[in-house]
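# Build me a model from this:
(chains A and B)
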Amino acid sequence: MTASVRVRSLALLAGLLALAMPGRLVAQGTGTIEGTVIAAGNRRPIASAQVSVVGSGGRVGTLTDAEGRFRILNVDAGQRAVRARLLGYTPQEKVVTVTANGSVTVSLELQQTALELNAVVTTGTGGSQIEARKLGNTVASIEAPRNAPIQSFSDVLQGREPGVMALPSSGLTGEGTRIRIRGNASLSQSNEPIVYVDGIRMDNGGGFGNGYVGTGGGGRPSRLDDIDPTVIEKVEILKGAAAATLYGTEASNGVLLITTKKGVASAPRWQFEFEQGAKSYPAARVEPQWGIARSDTQATRLSTHYGQTVTAFKPFSKDVATQLFETGRTTTLAGQVSGGTSIVTYFGSVRGYMEDGPFNSNSFDWADAQGAKRGVFSKDLANRYSGTMSIGLTPAASFKVSSTVLFTQTYNEIPQNNNSIYSPYTVALFSKPENAQCDASRAAGLNVATNGSLGNGLCAGPGNPTGASSFGSMRELVQETIKQNARHFNGHVRTSYIPSASFNLDATFGLDFTAARSKQFLPFGNNVDFRINRANGGFASIDDRTHQEVTLSLNGGYTRDLPMTFTSNTIFGAQGFLTRDNDESSTNQSFPGPGIEVVGGGSSPQTFESFQSIVNAGYFIQEQLGYNDWVFTTFGGRYDYNSAFGKTSGGVFYPQGSVSVILSDRDSWRGSFAGKYLSTLRLRAAFGKAGRQPGAFDKLTTYGALTATSGAGLVPSNLGNPNLRPEISTEVEGGVEFGIRDDKTSFGFTRWQRNTVDALYARQFPVTGGFRFAQLDNVAELEAWGWDARVKTLVVDRPNLSIDTYGNIGFLRQVVKSLGGAPPIKVGGSYPRYRNFVIEGASPGAYFGAKLPGACASGATTTAKGGVCLQSGQLPFDTDGNGVPDTEAQVLTYLATPRALSAISPMLADDDNDKDKLDHYDGKPLPDFEGSFGASATIFTNWRIGANLEYRFGDYSISDLTGAFRRGSPSNGGNTELRAIQEGVILNPTSTAAQRLEAAKVNAYQLNALSPYDGMNQQFAGDFLRWRELSVTYTTPRKWASRVGASDMQLTLAARNFALWTKYPGVDPEVNLLGRSGAGGTGNNFAESIDAFGFPIPRTFTFNVRMGF
Amino acid sequence: MSAHKNPGHKAWRRAGLMFGAVAAMTACSSLLDVANPNDVTESALDNPAAAANVTNGVLAATARMLTGITTPYAVATDELDWIGSRDAWLELETGGISNHFNEFSDQAFPFAAEARYVGDDAVKRLRAFDLAGTLTDRTNLARAFLYTAIVYASIADMYDDYAFSSKTTAAKPIGRAAMGTLYDKAIAYLDSAYTIANAGTTAAFTGIRYPILAYRARVKHAKAVWTSITPKLAVGASRTLALVNDAGANADATAAIALGAVDQSYTIANSVGSAAGISIWFEVTGRNEQRKGTVYQTLLDPVTGALDIRVQALLAAFTAFGTQAGSFTITSTRELRLILAEAALATGNTAEVQNQINLVRARDAGRTAWGGVTPAPLAMLQHERQAQLWLMRRRLVDMYRFNLKDTKWVANPNFESAFNVNGLLFPIPQIERLGNPCVNNPTATGC
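Next up is the predicted model:
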């Protein structure tokens, strides 16, 4: 059976099941319910509250408008209960009498609450829903504030939920965040959660493909950002196996459940939004590039070049890197409409987001000898055009059909970036101003006397006027462009059969499809300054990635009352997922002339193609027993199959169980001692298992193609392991929630523990065995535990002022408990500058590196294990090469004459004397604590202010590789002020030996880095507090809105990444080596907290106008 | 509840049907048996029809190995100078080649290990085909012997130690003293190759005789050189000169010269896309991490006093390869004549030394004949080996046996350096030490 046949079969099966559902139309006398919904405390109208007729299954209902008004049409005549609800408020019901063709008015007042146990959450694939209070596990629900400065899905997640980190890589335009929920549940497989949109599995990858398009690591778009954030109703987060068991294999890192907005029965309601924004990088945090002239001759030449006085051995600086910064612009245009009847509802949305970000390369477009500029320069653009349509049909009370389609077209363009020698920002950061050089000899007509310098830091012709590091001039480097066009479709059809209020069946067929075409291009003749030798004839690379996720889901629920006040809620279901990923890429270089941009135009083509197919299928059942509506136990499990193990393997069973006890719902609670103080109290506990399967073909021993001059050849590829099985995460959690002041203040606490056994580990076997690549093996064990706590309180709730505040904190501790005898892994393989390791007994991704010898213990001449230590009077230098630390007198003698800093390199410590000088623990990359806090206030009736601050702290180390280069590299970097000062001293013939010694000490203890001193002077505490969001919204008087024909209008001024407080000496503690990728692997999982030349996180200001009609 | 009884029962029946459908789907084994079109499984190599592809794999792996190991080797000598950004090259440049953490020697090693394994594996498979009578083209077996011999000898040229593991089964390192057996194995493979090549009469058979014989001469000479620099000396000690006069090498060299053209060489080219992470072509001409050694760029011909024409030609030819692919000279008639010249010098036959060296010099217009006196024969031999064997992985051992030091070599306070340890070769690097418990603990169970 071919894959396409399988897809068609699944679709056909879904269609048949849909057609099998019976239907019948209903016709009765109907009337109208209308009214208002207001907040009980401050008496202000509540917008977007859900108002529905109880017992209609949500079919008969609507949303309130900006003034809290609602109108429900076609309500069956008779006594009806109408219910209003909104997250953050206690639902309220009122009974009204509806008459045929009549209208009844009702006013509903919702009490604001800080504790929302009654919120309905999703449990189980396929969208089964249940009240949160009945579950023993947590299901976090995120609804970003309506006026928050949110431009992408990544923004929706940042700073909302403890234990959930949305990690940016850099501030490059269009970049998505990596997501970590409760740390790392897998050592080798993806640590990203799986994502569902309305129950349909979604492509959670990102980047520019697996082929020849390479960006340096940052700037990777996330396919999750293809979701228009304005159509998201809510995001539910299942944080781990205890909550995600029913999602089975692949769910051990948690699950994101995105629910999109749907139409409700009401007259058409239109909303339009216009937003203009500005973005800027924090230039003030980027230290200028410093240098020194090493002779009077050089000083004279530099004085001429820069048009300023440069004195030998005296540090001077130039701003090179920040010349790449400008103020970027963002524009958003969006429109939505929703409405419907009791039979048909609809929701439609279109949104255009256009960003020309804060990177600018025009500063380096200086004129050449003929006065012409190059004019072809890289940009940072991100344009997303999204359309969403949702239709709901209810032809009968027992039958529903709904369909939602999301489509996004994305265009992204960025420069080369991060740890790339061809990144203009990287090379600019490492520029050494003293190396500025213009090349008069290379172009006729230039002033040889000034060597072609214009006297303002630019050249009249070819050259390297900024002293850019050795891989190319700035003018050459900014010619490269990286672009991506992506189209992302997500859609589903769901049929629901609801024969009674107690029973339902759903069948869903969904498809998520991504087609992303990426291109990297460097034009012919790019070596305009004769510096770059990468591909002087130019090159072009393309990558076409298509990704398809087919979801077929069948599930149902049955609720019934049992004897002795017991209740039963059974959900059951089965799902199948078919994933196919194709990646085709090609590259070529050396075009025959200018103008050619296609891969076929080069002379040495290379191609790449990969294909992956995964089938995952299983079924689940879960039973929830309730007692007296205050004790609930839940137990069930999922049985899963996966194609990674082939047809011969059996499935895997993942069990779960939980208990929830809402003591405050007992009848006796109010009269109890505790009930006097606690308005709500719930205790809960849960356990569950979930898994991760290996890659589709990891079990096989394979040989790959490698071409020889004599023809096609085969060489070892995958070592293979026929005994592979999924890794299993078992999670246990317990918690408590309680409210005081009638739930106007709430507290929640969760303690969790996760153990991953049979953990898939990329084990390095002896490469002398012939297979170079590490092979997955179920040998490791990973343990993690943590807790999170939250508090929320309504400080003031008066008509003219209401203030609510919140705060949360998450604690994480994780350790690699065992590698089963396998060797540790270093992130980045042989590359010594990434210091993250996966090693037994340490946090995954922990840092290990070099350090200087410490002082010897009293009376000792070596460390306890025989390593070098410093006795009194000794310094960490060995100028005579005898292996013994020098005395100060010896060093002074050595420094009697000027020396290069590299000539007085320090000795390294080897405390355990194991010949490994790079094994000193340097901290871990994820903090002990992270969380957020904030507040929102409503002043008078028109003003609303919101703030959100996010923080991380506690045993949190950042690897400042950018700073290591800038402090320690003799050739690329070595350009901080401190470094320039020391070089000026140690090289200056007029310095004394004592002055040079002090410079050597500063160099050893503060500057020296990189090989073989990797990790030294590179690790710094990354604790930070970031003011993530700030917004001020003004709701205009109705008459203002009516002037433009609107019914309501809000104006919002907002800022994102408004301020940063940190002692981290680098530009930004959130910058990281690698960006978004849905893939696993050591790099994607644990190349963490590495500041490797990425663009800093920009500050964004937006002005938003939102109008309803 | 009774009002919903019937619909509920119907619904349960429908649910049962649905579950049956899904259970059937999940039980359908074909759905779970996805195809892998990206690679071939190992069993495909058991097919005799794959013999040529298996052999080509050895050649491709050998070429990839050479792109990987040549760069760190050349940087450690004076053949290439480091000018770039990655300081681990500086360690090599200054002679600190014993640091098993060095990222570049660490990156290169797996490709040598892969080539060794795939070579032995190919020999084993093709021998079995041959014995079974299913090998339709025996030159494939001869080629497999030849390529694998190149791998063995290259490992012996460069590394201080090696282990012969197989897939997941670790083997303990054999030790520096036993590394000479790799040359013996290479010679044995070349013997087998030559037997096959000699048995055939077609051009495919006759064409392969020159590389087999020429390379066997080189390997025999290399074995003798290796013996002369083993064991490595104590810090600061100098090496007593031991010129090579190996009868087997001399005989093979003479025979190969007779087979080939006047200026024949045997080269292996790497294909675009088969670089080993550190490709010498990209490092030097693309990334600008190294440049051709200043010593070579300024090397004067001791006879003419001008820039050495041969060296300049080699440097230019290297640049002409571009940034992606090029070829390595495995051996050449020039090298063979220098082997013969050295043997003559060892026996005091200066006339033959002069003869052989002038036959080499005659290959390049402008390199006038050497008179046999100035410079002295030993110096002339050293110069010609330096001039003729650039990037042929002979320089480091020549520097040791002739007691030459790169001016950039320095003592290193953190690990042994070629500066003060004569005979120091590359260690088993960290990647193998991690995966092979027998490296650090050869007496462990299973080693």
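# from here on, contacts and neighbour counts on C-alpha atoms
OK.
# can you give me the strands in the stretch 251-400 of chain B?
Here the stretch 251-400 of chain B has its strands, by DSSP state E, counting those that start in this stretch, at B:265-269, B:290-292, B:327-332.
# For the stretch 501-650 of chain A, which segments count as strands?
Ranges of strands within the stretch 501-650 of chain A are A:503-522, A:539-562, A:566-589, A:606-627, A:631-642, based on DSSP E, counting those that start in this stretch.
# want to throw these into TSV with mean pLDDT?
Output for those, formatted as TSV (pLDDT from 0 to 100):
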stretch	mean pLDDT
strand A:503-522	95
strand A:539-562	94
strand A:566-589	93
strand A:606-627	91
strand A:631-642	92
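# ok, A:Asn1008 touching A:Gly1015?
No: in this structure, A:Asn1008 is not within contact of A:Gly1015 by C-alpha atoms under 8 Å, at 9.8 Å.
# Count the neighbours of B:Thr195 for me.
Residues near B:Thr195, counting by other C-alpha atoms under 10 Å in any protein chain shown, number 13.
# Which of the helices or strands spans it?
helix B:180-199 (DSSP states H and E).
# in the lengthiest helix in chain B, what counts as buried?
In chain B, with assignment by DSSP state H, the single longest helix is helix B:103-132. By 16 or more other C-alpha atoms under 10 Å in any protein chain shown, the buried positions in helix B:103-132 come out as B:103-123, B:125-127, B:129-130.
# again, but for stretch A:899-912
Judged by neighbour count (16+ other C-alpha under 10 Å), stretch A:899-912 contains these buried residues: A:899, A:901, A:904-912.
# same thing with stretch A:655-673?
A:655-665, A:669-670.
# Quick one: end-to-end length of that stretch, please.
38 Å (C-alpha to C-alpha, to the nearest Å).
# Run through who's touching that stretch.
By C-alpha atoms under 8 Å, 6 or more residues apart in numbering or on different chains, the residues outside stretch A:655-673 that reach it are A:133-137, A:242, A:245, A:629-638, A:675-676, A:678-689.
# Quick check: helices, which of the residues you listed are part of them?
Checked against DSSP H, those include these in helices: A:242, A:675-676.
# JSON lines for these, including pLDDT?
JSON lines is the format used below for the ones in helices among the contacts of stretch A:655-673 (pLDDT from 0 to 100):
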{"residue": "A:Ala242", "pLDDT": "82"}
{"residue": "A:Gly675", "pLDDT": "89"}
{"residue": "A:Lys676", "pLDDT": "89"}
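# among those residues, who's most crowded?
A:Ala242 leads the ones in helices among the contacts of stretch A:655-673 on contacts (other C-alpha under 10 Å) with 31 neighbours.
# Could you pull up the contacting residues of that residue?
A:137, A:656-657, A:686-690, A:730-733.
# got a winner among those for most neighbours?
Greatest neighbour count in the contacts of A:Ala242, by other C-alpha under 10 Å, goes to A:Ala690: 33 neighbours.
# can I assume it is in contact with A:Thr730?
Yes: under the criterion of C-alpha under 8 Å, A:Ala690 makes contact with A:Thr730 at 6.7 Å.
# unless I'm mixing things up, B:Phe282 is touching B:Thr323, no?
Yes: at 4.4 Å, B:Phe282 counts as touching B:Thr323 under the criterion of C-alpha under 8 Å.
# Flag the shaky bits of chain B, pLDDT-wise.
Within chain B, the ranges that satisfy pLDDT under 70 run B:1-31, B:273-274, B:276.
# What about A:Ile55, how many residues nearby?
Heads up, residue A:55 is Gly, not Ile. Neighbours around A:Gly55, by other C-alpha under 10 Å: 12.
# and what of A:Leu117?
18.
# Tell me the spacing between it and chain B.
The spacing between A:Leu117 and chain B, counted by C-alpha to the nearest C-alpha, to the nearest Å, is 28 Å.
# would that residue count as being in a helix?
No: with DSSP: H, G, I helix; E, B strand; the rest coil as the criterion, A:Leu117 is located in coil rather than a helix.
# surely it meets A:Leu135?
No: counting by C-alpha under 8 Å, A:Leu117 sits too far from A:Leu135 to count as a contact (9.8 Å).
# give me the number of residues near the closest residue to A:Phe430 other than its chain neighbours?
Nearest non-adjacent residue to A:Phe430, counting by C-alpha to C-alpha, 6 or more residues apart in numbering or on different chains: A:Gly973, 3.8 Å away. Neighbourhood size, A:Gly973 [other C-alpha under 10 Å]: 28.
# how about the closest residue to chain A within the stretch 251-400 of chain B, what does it touch?
Residue nearest to chain A within the stretch 251-400 of chain B: B:Gly286 (4.7 Å; C-alpha to the nearest C-alpha). With contact set as C-alpha under 8 Å, 6+ apart, B:Gly286 has these partners: A:532-535, B:322-323.
# avg pLDDT for stretch A:750-759?
Throughout stretch A:750-759, pLDDT has a mean value of 96.
# ok, now stretch A:391-406?
Stretch A:391-406 comes out at a mean pLDDT of 92.
# end-to-end on that stretch?
12 Å.
# what does stretch A:239-258 give?
End-to-end distance of stretch A:239-258 (C-alpha to C-alpha): 14 Å.
# do the same with stretch A:191-210
18 Å.
# near chain A, which residues of the stretch 201-350 of chain B?
Proximity of the stretch 201-350 of chain B to chain A is confined to B:269-274, B:285-288, B:323 under the rule C-alpha under 8 Å from any C-alpha of the partner chain.
# And stretch A:620-632, how far out from the chain middle?
The chain centroid and the centroid of stretch A:620-632 are separated by 35 Å, computed with C-alpha atoms, centre = their mean, to the nearest Å.
# Name the residues that touch that stretch?
So stretch A:620-632 is in contact with A:134-135, A:246, A:565-574, A:633-639, A:659-663, A:665-666, going by C-alpha under 8 Å, 6+ apart.
# Please repeat the previous calculation with a cut-off of 7 Å.
A:134, A:246, A:565-574, A:633-639, A:659-663, A:665-666 (C-alpha atoms under 7 Å, 6 or more residues apart in numbering or on different chains).
# Can you flag the buried ones in those residues?
Among the contacts of stretch A:620-632, those scoring as buried are A:134, A:246, A:567-574, A:633-639, A:659-663, A:665 (criterion: 16+ other C-alpha under 10 Å).
# Need the nearest residue in space to residue 262, chain neighbours excluded.
I went with chain A, as the question did not name one. Nearest non-adjacent residue to A:Lys262 (C-alpha to C-alpha, 6+ apart): A:Phe347, at 5.4 Å.
# other chain: chain B
With C-alpha to C-alpha, 6+ apart as the criterion, B:Val262 has its nearest non-adjacent residue at 7.3 Å, and that residue is B:Thr333.
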